[in-house]
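[1] Requesting a structural model of the entry that follows:
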Amino acid sequence: MSSVQAGRTFTETTKDQMSASAARRVMREHGASEFLDRHGRLWGFRSEWERRFAERLDRDGLSWRYQPDCLLLSTGRRYIPDFWVEEWASYVEVKGRRDPRAAAKAIQAITDGHPVLVLIREAVTTFAFTTQGRS
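    The predicted model follows:
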């Protein structure tokens, strides 16, 4: 899957390097949560909630990437979803609170036809995943 940012397409290697660089910057600036995944990759997350979600994906053996793509929305705005989960063929946006403004870009991405699931911490008490394919 390619990523589009300001009209450019990046290779998987470049995206990995950009993600690692962004993660390090976020950790420095915000003191974010870190997580060492089952493949030995160190990830930095903007919130504890994102880290917990990544830990669960990893524990369940799902293939995921953190902030892998930058989507250009029909409004002209850019949107970077929190996760891509390969087995679900979907992006996942993890929100810490129910705030319509915070989820506006995710909602626009869904309207534009992008596969995005939105998880709101207030509405989810535990993570329960399935690896069964969609119909």
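
[2] and Glu93, that one's in a helix?
    No - assessed with DSSP: H, G, I helix; E, B strand; the rest coil, Glu93 is strand; it does not lie in a helix.

[3] Which strand residues bridge it?
    Val118 (DSSP bridges).

[4] Next up, the contacts around it.
    When the contact criterion is CB atoms under 8 Å, 6 or more residues apart in numbering, the partners of Glu93 are 81-83, 103, 106, 116-119. C-beta here means a position set from N, CA and C on the backbone, and glycine is covered the same way.

[5] and which of those is nearest Leu36?
    Phe83 (16.8 Å; CB to CB).

[6] what's around Pro115, how many residues?
    15 (other CB atoms under 10 Å).

[7] next one: Arg46
    Arg46, neighbours per other CB under 10 Å, totals 20.

[8] Per-residue pLDDT of it, please?
    Listed pLDDT for Arg46 reads 84.

[9] Repeat that for Gly40.
    The model's pLDDT for Gly40 equals 89.

[10] ok, the residue nearest to Tyr79 when sequence neighbours are not counted - how many residues close by?
    Closest residue to Tyr79 in three dimensions, ignoring its sequence neighbours and counting by CB to CB, 6 or more residues apart in numbering: Lys105, at 4.1 Å. As a burial measure, Lys105 scores 19 neighbours (other CB under 10 Å).

[11] contact partners of the host helix or strand of Lys105?
    In this structure, Lys105 sits in helix 104-111 according to DSSP states H and E. With contacts defined as CB under 8 Å, 6+ apart, helix 104-111 is touched by 71, 73-75, 77, 79, 81, 91, 93, 95, 116, 118.
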